[in-house]
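>>> How does the following fold in three dimensions:
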Amino acid sequence: MVKLLIGTKGTGKTKALLQEVSAAASVAKGNVVFISNNTTSNMFDIPRRVRMADTSDFDIVNYSEFEGFICGIISGDYDITNIFVDGLFKIVKKDNSDNLDGLETFLNRLESISKKFNITFVLTVSIDADAAPDYVKRLI
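Model (predicted):
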């Protein structure tokens, strides 16, 4: 399953995500992963058993690279049940600033990965709910 928490900046997406991380960590039979471009800002809000991955050192510029990053995490740990991503558009720093370019393909690939490895993905995406494309709205 892939779930998106969307809204403009300051609408509480990260707070909602952190609540979901804590809930998953308390009941998950496997490992829980939290991915962000700045994990130190949320370090004290995340349960200790959650594995944290910081993307800031990797200069990820497109969704394909981020997919590879996620697959690398999965290949190193087959017991992952949940992956949470905070700030997708902050992680994938598109050169042309159009973060929607390639997003649909990325989300479709993430759904395939989710089904294949039985992993639940929850991502925060800074986009206005009214302006969001249909392929984003179906994952809310």
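
>>> alpha carbons only for contacts and neighbour counts from here, please
Noted.

>>> How many residues are close by the residue nearest to Leu110 when sequence neighbours are not counted?
Once flanking residues are discounted, Leu110 sits nearest to Val2: 7.1 Å by CA to CA, 6 or more residues apart in numbering. Using other CA atoms under 10 Å, Val2 is surrounded by 21 other residues.

>>> cool, and the one 4 residues further on?
The number of residues packed near Ile6 is 23, by other CA under 10 Å.

>>> distance of it from Glu67?
Noted for Ile6: a distance of 20 Å to Glu67, by CA to CA, to the nearest Å.

>>> what do you get for Val50?
Taken as CA to CA, the span from Val50 to Glu67 is 20 Å.

>>> same check, this time on Gly12
25 Å.

>>> just the strands in the protein please.
Counting by DSSP state E, the chain has these strands, from start to end: 2-7, 31-36, 51-54, 80-86, 120-126.

>>> and these, which is most packed in?
strand 80-86 (a mean of 23; mean count of other CA atoms under 10 Å).

>>> For that strand, which helices and strands make contact with it?
Secondary-structure packing of strand 80-86 (3 or more CA pairs under 8 Å, 6 or more residues apart in numbering; DSSP states H and E): helix 13-27, strand 31-36, strand 120-126.

>>> That strand pairs with which strands, and in what direction?
Strand 80-86 has its sheet partners listed here by DSSP bridges as strand 31-36 (parallel), strand 120-126 (parallel).

>>> What mean pLDDT does it get?
Averaging pLDDT along strand 80-86 yields 96.

>>> export it as PDB, just CAs?
Only the C-alpha atoms of strand 80-86 are listed here, as PDB (Å, rounded to 0.1, in the frame of the first residue of the first chain):
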ATOM      1  CA  ILE A  80      10.900  -4.100   6.600                       C
ATOM      2  CA  THR A  81       7.200  -3.800   6.900                       C
ATOM      3  CA  ASN A  82       6.800   0.000   6.800                       C
ATOM      4  CA  ILE A  83       8.700   2.900   5.100                       C
ATOM      5  CA  PHE A  84       7.800   6.500   5.900                       C
ATOM      6  CA  VAL A  85       9.100   9.300   3.800                       C
ATOM      7  CA  ASP A  86       9.000  12.900   5.000                       C
END
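
>>> Thanks a lot, catch you later.
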